[in-house]
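>>> The following block contains a protein sequence and its predicted model.
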Amino acid sequence: MSDKNMAIEVLNVSEMAFTERLTAISLQGIVNRDGPIVYLDWGIYDDESCRTTNEVFISDDLWRSKYRDILGNQDQKNLDYYRSVYSLEENATDDLQGLLNKYADRFKGIVVWDSDCIDTVNLAAMYCSLDNLLISGSDELDSIIKTTGLEVRVDLRGKWKERVSLYRWAYENLFDRCLEGVIASIEPGWLRPEFLDYVIQNRIFVYNLGALENGAIFSLGQRLLMLLVGGPFGLRNFLFNRRADRLLKKTGLWLMGLGSKEVHLANRIQKAVKPTPYPTIFGWHTKRDDEFSFMLHLSANGLRLIPSHLAANFSFHGRLPANTEFSQPHATRDSVRLEKDKTYLTFTLSDGDQLVLMHTAQLGNWFREERGKVPFNWETQPLLVEIAPALLRRYYDTLTDQDYLVAGPSGAGYMVPPLPPDLKGFLEESVKICRKADIKTFTSYIGDPSDRIIREHGEASEDFLGFMGGYVHFGRTPAVLTGKRAFVANVWPPLDNVGDSAEETLAGVKRLLDQPEPTPRFIGVHLFAYRTTVKDVYQFVQSLDSTRIKVVKADEFLLAAEQYLEENPAGL
């Protein structure tokens, strides 16, 4: 596709109601099948629904004091970058009706969702994607018919009263018509439909079923999965080394399905996703569960997640050509000399696997003037090489020698490594994707997995320089060699400190640094992106004694640890 003179429509949806946004999303998803044509401007994230799901990620005070000014309007900033790379002819408008009239010929009719059953939004999205039907709510229907001349082809009003029967029907009647190898989990009750444009564009099956339930049977099944993730290490290690983990996973999933109608149906749907090349789910958890329960469930069913809540304009991003190969500088084994009198310190910003962080320049951190002044690791989503290469290109075009891109947990996609039935397959696919993105290390979600899981990491391609272990840790922070490469658990934060403020986080790191320990030491810090910024880290590093503490990027950190562990194979 040529990058010359692209004509695009920029529609301002920042003041539109949810129902109008759904119509705009359906227009965007269908029209953008023909190229990057429709781009939606969602405005600035001042609506608190942008920063909350079942928890508050950023309070309003923190948003306005720390993130808002640097982030600004993320959609316009992405357009600013695209203008510097591509020749764009832009038509900026807030006239949805005008665009509906202009592109009415792309649609074969209208599908009407039911405001009394919010889950019909997802069903309407599938009808839109499969049959080229424009999505409408009841209130807008007459004006849309008048504007477009389209007729109602599917009316979902009054058809369903609860979600399980709705999604069972959808699975039995629509699943086989959708794109193989991927599904999506989207909670329409949050009224944030941003990612539906990509779902519609790519004909993805989408549902909304929870992964958490009250009751003894469900709880027993979930506890079996949790045992494999964070139970007593000796017991976990025994179970994995004896290959008993597969039976426990199957039993846990069966009990969870027995105790929950939603989980029972979700099990059927997730297990039906084909490995083309690896089973993938977009989206996020629901109102009725939480991130951890959701991740336990899908990981045990062998899926990887591409977190997509609030991820806007991906039907547009994905149609722009990257026009470049991705590369970044890496330390080599020959270039790194272990300094035995030093404490090695490395910082990794969390949650870059989320598409919204990639879309928002890592919550604006990429725009901060402190970036490039301190060695810093940025979790990214390497699958953008396939999903949105032009958006990923922005990071590589603006890298400094202090920035290092790593893959988020736990490779090419988010998952909990002890649980998938085919971890080797996931790691092999991660190797292929990371090679395209020139990424040579990643954060593995669990910092102290069993010996077998660490060994399987080490059996992955020698392209990887090593592995950082742990979004959080549960008390053990091993550092060992696996396949001649270092697997080093992050020592901060412990589980109870993941939500700490920046001040609390860096005070905890300072306490670790002040402890009298033999050198060399290796302290990996995993920073919660919704609390701590690269500015906080830069200011903290200025207070450190550089004769004792060496702040480095992940490549040097892991290669130095590798040298130490070669001389001390018992590990740290």
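Yep, that arrived. In this text, all values refer to a predicted model and were calculated from it rather than measured experimentally.
>>> Only C-alpha atoms from now on, for both contacts and neighbour counts.
Noted.
>>> in which helix or strand would I find the residue nearest to Arg476 when sequence neighbours are not counted?
Of all residues not flanking Arg476 in the chain, Asp448 sits nearest, at 6.1 Å (CA to CA, 6 or more residues apart in numbering). Asp448 is part of no helix or strand, with elements assigned from DSSP states H and E.
>>> pLDDT score for Asp448?
Note for Asp448: predicted pLDDT of 93.
>>> Same check on the one 5 residues further on?
The per-residue pLDDT reported for Ile453 equals 95.
>>> Just say helix, strand or coil for it.
helix (DSSP: H, G, I helix; E, B strand; the rest coil).
>>> residues in contact with the closest residue to it other than its chain neighbours?
Nearest residue to Ile453, sequence neighbours excluded (CA to CA, 6+ apart): Pro418, at 6.5 Å. Counting by CA atoms under 8 Å, 6 or more residues apart in numbering, Pro418 touches 228-229, 446, 449-450, 453.
>>> Which helix or strand contains Pro418?
Under the criterion of DSSP H and E, Pro418 resides outside all helices and strands.
>>> Please tell me how far it sits from Leu212.
20 Å (CA to CA, to the nearest Å).
>>> and if you look at Ala311?
From Ala311 to Leu212 the distance is 24 Å (CA to CA).
>>> Can you show me the helices along the stretch 1-150 of the chain?
Here the stretch 1-150 of the chain has its helices, by DSSP state H, counting those that start in this stretch, at 18-31, 60-62, 68-71, 74-85, 96-102, 120-131, 141-148.
>>> out of these, nearest to Ser546?
Of all the helices of the stretch 1-150 of the chain, helix 68-71 sits nearest to Ser546, with 29.5 Å by CA to CA.
>>> For the contacts of Pro418, give me JSON lines that also has neighbour count and distance to Arg163.
Shown next, in JSON lines, are the contacts of Pro418 (neighbours: other CA atoms under 10 Å; distance: CA to CA, whole Å):
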{"residue": "Leu228", "neighbour count": "22", "distance to Arg163": "31"}
{"residue": "Val229", "neighbour count": "21", "distance to Arg163": "30"}
{"residue": "Ile446", "neighbour count": "25", "distance to Arg163": "33"}
{"residue": "Pro449", "neighbour count": "26", "distance to Arg163": "36"}
{"residue": "Ser450", "neighbour count": "21", "distance to Arg163": "38"}
{"residue": "Ile453", "neighbour count": "20", "distance to Arg163": "37"}
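>>> Could you list the domains of the protein?
Listed by automatic domain parsing, the domain ranges of the chain are 6-210+310-317, 343-567.
>>> Can you give me the first-to-last residue distance of the shortest one?
Just to be clear, that refers to domain 6-210+310-317. With CA to CA as the measure, the ends of domain 6-210+310-317 fall 13 Å from one another.
>>> For Lys249, which of the domains of the chain is the nearest?
Set against Lys249 and scored by CA to CA, the domains of the chain come closest in domain 343-567, at 7.3 Å.
>>> Outside of the host helix or strand of Leu392 itself, which residues are in contact with it?
Using DSSP H and E, Leu392 falls within helix 389-397. In this structure, residues lying in contact with helix 389-397 by CA under 8 Å, 6+ apart are 78, 81, 317-318, 320-324, 326-328, 358-359, 384-385.
>>> That helix to helix 74-85, inter-axis angle?
Interaxial angle, helix 389-397 versus helix 74-85 (axes from the mean of the first three to the mean of the last three CA atoms, to 10 degrees): 80 degrees.
>>> Report the buried residues of helix 389-397.
389-396 (16 or more other CA atoms under 10 Å).
>>> what does stretch 170-179 give?
By neighbour count on 16+ other CA under 10 Å, the buried set for stretch 170-179 is 170-171, 174-175, 178.
>>> Please flag which of those sit within helices.
Members of the buried residues of stretch 170-179 lying in helices (criterion: DSSP state H): 170-171, 174.
>>> Thought Ala412 was touching Ile433, still the case?
Yes: in this structure, Ile433 is within contact of Ala412 by CA atoms under 8 Å, at 6.5 Å.
>>> Just the buried residues of the contacts of helix 389-397.
Judged by 16+ other CA under 10 Å, buried ones among the contacts of helix 389-397: 78, 317-318, 320-322, 326, 328, 358-359, 384-385.
>>> burial count for Asp146?
Actually, residue 146 is Lys rather than Asp. Applying other CA atoms under 10 Å, we find 12 residues neighbouring Lys146.
>>> so how far is Asn267 from it?
Distance, Lys146 to Asn267, using CA to CA: 43 Å.
>>> how about the helices in the stretch 301-450 of the chain?
So, for the stretch 301-450 of the chain - with DSSP H, counting those that start in this stretch - the helices run 314-317, 355-359, 384-387, 389-397, 423-437.
>>> Distance from the chain centre to the fourth one, please.
To tie it back to what came earlier, the one meant is helix 389-397. Mean-position distance between helix 389-397 and its chain equals 17 Å (CA atoms, centre = their mean, to the nearest Å).
>>> If anything else comes up later, I'll come back, but that's it for now.
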